[in-house]
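Q: quick one: sequence and predicted model below, then my questions.
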Amino acid sequence: MKLAERVGQIKFSSIIKIADRVREMEAAGKKIIRLETGEPHFATPSVAKNAVLKALKDNLTHYSHSRGVYELRKMLCDRHNYEFKTNLDANKNILITPGGKQAIFYAMLSVVGGGDEVIISTPGWVSYEEMVRLAGGVPVFAVADRNQDFENSFNIIKEKITSRTKAIILNSPNNPTGKIIKEETLRKINNLCLEKNILLISDEIYNQIIFEGHIHRSVLSINPELKNCILINGFSKTYAMTGWRLGYALAEAYIIEAMLKLQQNSVTCPTTFIQYGAMAILQGGDNFVKKSLKVYRDNRDTLMRELKKTDKFRMIEPEGGLYAFIDVSKINKDSHAFCLDLLEKGGISAIPGEAFGRGGEGCVRICLATEKKNIMEFIKRLKKIYAI
Ligand code: PLP
């Protein structure tokens with residue numbers, strides 16, 4: 001059987017190579033400290049779990065509206081309208097999806113095709129590139145400057161614009177670098193998109209995980225009508241709900257309509273009872289967000305402080321998000337080899353920076369959402385293996 005050309009054009013993530021090796025080692029009885037994950041280590045708060053149990057007891061187990069349960073859409077639109085003084089309509093401007101990832105995929109399939117170029121700021125999340133290809137587009141990489149700590153620069157993005165540019169994807173706070181796009185940069189990119197009729201996809205999935213002294217600006221605050229813009233968010237990272245698969249997109253009505261067609265003809269709707277858990281967490285999850293942020297910040301500060309004592313590793317200061325991106329190139333320029341070495345000698349798993357596209361080689365990503373003792377152990381083992 002000859003497979004479709006489109007799957008031949010995309011690749012497995014190089015993260016899987018590390019994950020497979022971790023599994024082999026664990027199967028052989030080795031204890032691995034897992035810092036490669038991309039999710040909070042906390043359990044999902046009970047308020048969400050109890051609401052789902054109730055929804056199940058109430059037999060809310062059939063299809064929901066294909067846009068998502070109305071009350072959840074309304075709650076999300078109301079929250080955004082209150083915060084940003086916008087007029088999002090729960091019947092027009094929002095689509096609830098099985099994960100933010102699915103929302104990005106719908107966005108891509110709705111707008112990109114036929115060799116359209118999509119500018120992706122790198123280092124960046126691994127799936128953007130493959131989604132662009134699956135949609136029939138061509139990924140174009142705007143590589144952030146390591147010497148500027150991967151700050152997103154307007155000029156670097158602008159230089160990549162051609163007559164074939166259809167969309168730009170921004171992710172702030174960024175996975176893996178933890179950088180937040182400055183308001184001024186976001187404003188300029190947004191204006192450029194309006195001027196040249198380019199779609200701006202703003203992935204704000206880490207928008208609640210912002211460290212002290214930093215401000216995250218949503219694209220909604222500068223483009224309240226979301227003209228030429230799709231805002232992506234979800235419940236996975238903020239509320240430790242990665243396995244629930246729930247996200248959403250906000251956009252102009254005609255874009256949401258297009259995405260809705262894709263949803264209706266693929267998954268029909270997001271899982272119904274899960275959406276009741278989401279409503280409960282929106283109402284009762286603020287303490288969890290504060291508590292988890294404190295843990296991530298403490299881990300970030302500990303790691304920064306310890307790595308600053310050495311000249312062999314340089315940690316890019318994360319301004320938000322769940323990750324630390326560490327330059328290991330003085331030890332090994334090949335980040336994949338570095339991660340395998342760390343795994344074999346130190347029993348610690350991390351993600352090689354090359355997995356995050358151009359500009360990421362020579363760095364590794366570790367997840368800050370872990371118990372502090374794991375961060376301490378990571379530092380201890382780095383010192384032992386690399387004599388720092
Ligand atoms: N966007 C970014 C930058 C991510 O890191 C992730 C998950 O790792 C997602 C989107 C998708 O999240 P989910 O599909 O769990 O909502």
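A: Noted; the coordinates are in hand.
Q: give me the contacts around the worst-scoring helix or strand of the chain on mean pLDDT.
A: Ranked by mean pLDDT, DSSP states H and E, the weakest helix or strand in the chain is helix 15-27, scoring a mean of 85. With contact meaning C-beta atoms under 8 Å, 6 or more residues apart in numbering, helix 15-27 is reached by 32, 34, 36, 126, 336, 339-340, 343, 347, 349-352, 355. Bear in mind the C-beta positions are built from the backbone N, C-alpha and C, glycine included.
Q: tell me the buried residues within those residues.
A: Neighbour-count burial (16 or more other C-beta atoms under 10 Å) applied to the contacts of helix 15-27 gives 32, 34, 36, 126, 336, 339-340, 343, 349-352, 355.
Q: all strands for the stretch 151-300 of the chain, in order.
A: 165-171, 199-203, 229-234, 247-250 (DSSP state E, counting those that start in this stretch).
Q: make JSON lines out of the ones you listed and add distance to Ile181.
A: Below are these laid out as JSON lines (distance: least, C-beta to C-beta, whole Å):
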{"stretch": "strand 165-171", "distance to Ile181": "6"}
{"stretch": "strand 199-203", "distance to Ile181": "9"}
{"stretch": "strand 229-234", "distance to Ile181": "13"}
{"stretch": "strand 247-250", "distance to Ile181": "18"}
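Q: so which of these is nearest Asn59?
A: Shortest separation from Asn59 across the strands of the stretch 151-300 of the chain is recorded for strand 247-250, at 24.5 Å, computed as C-beta to C-beta.
Q: packing partners for the longest helix belonging to the chain?
A: Looking across the chain with DSSP state H, the single longest helix is helix 286-308. Judged by 3 or more C-beta pairs under 8 Å, 6 or more residues apart in numbering; DSSP states H and E, helix 286-308 is in contact with strand 314-316, strand 323-327, helix 372-386.
Q: give me the contacts around the longest one.
A: Around helix 372-386, the neighbours that count as contacts under C-beta under 8 Å, 6+ apart are 33, 35, 295, 298-299, 302-303, 306-307, 312-313, 331, 341-342, 345-348, 366, 368, 388.
Q: near the ligand, list only the ones from the residues you listed.
A: When C-beta under 6 Å from any ligand atom is applied, no member of these is adjacent to the ligand.
Q: just the buried subset of those, please.
A: Buried among these (16+ other C-beta under 10 Å): 33, 35, 295, 299, 302-303, 306-307, 313, 331, 341-342, 346, 348, 366, 368, 388.
Q: please identify the buried residues of the least confident helix or strand of the chain?
A: For helix 15-27, by 16+ other C-beta under 10 Å, it's Ile15, Ile18, Ala19, Arg21, Val22, Met25.
Q: and which of the residues you listed is nearest to the ligand?
A: Nearest to the ligand among the buried residues of helix 15-27 is Ile15, at 10.5 Å by C-beta to the nearest ligand atom.
Q: from Arg365, how far out is the closest one?
A: Distance, Ile15 to Arg365, by C-beta to C-beta, to the nearest Å: 9 Å.
Q: kindly report the same for Asn287.
A: Taken as C-beta to C-beta, the span from Asn287 to Arg365 is 28 Å.
Q: likewise for Leu134?
A: 24 Å.
Q: likewise for Glu151?
A: For Glu151, the distance to Arg365 - C-beta to C-beta - is 18 Å.
Q: which of these two has more neighbours?
A: Between Glu151 and Arg365, counting by other C-beta atoms under 10 Å, Arg365 is the more crowded of the two (27 against 17).
Q: shouldn't Asp311 be in contact with Ile331?
A: No. Counting by C-beta atoms under 8 Å, Asp311 stays clear of Ile331, with 11.0 Å between them.
Q: look up the closest residue to Thr238, ignoring the ones flanking it.
A: Distance criterion C-beta to C-beta, 6 or more residues apart in numbering; nearest residue to Thr238, sequence neighbours excluded, is Gln208 at 4.3 Å.
Q: what's near enough to touch Ala249?
A: So Ala249 contacts Ile94, Leu95, Thr97, Ala103, Tyr106, Ala107, Ile230, Leu231, Ile232, Ile256, Met259 (C-beta under 8 Å, 6+ apart).
Q: pLDDT value on it, please?
A: In this model, Ala249 is scored at 98, pLDDT.
Q: give the contact list for the closest residue to it other than its chain neighbours.
A: Once flanking residues are discounted, Ala249 sits nearest to Ala103: 4.1 Å by C-beta to C-beta, 6+ apart. Ala103 makes contacts with Leu95, Thr97, Ile230, Ile232, Gly234, Gly247, Tyr248, Ala249, Met259, as judged by C-beta under 8 Å, 6+ apart.
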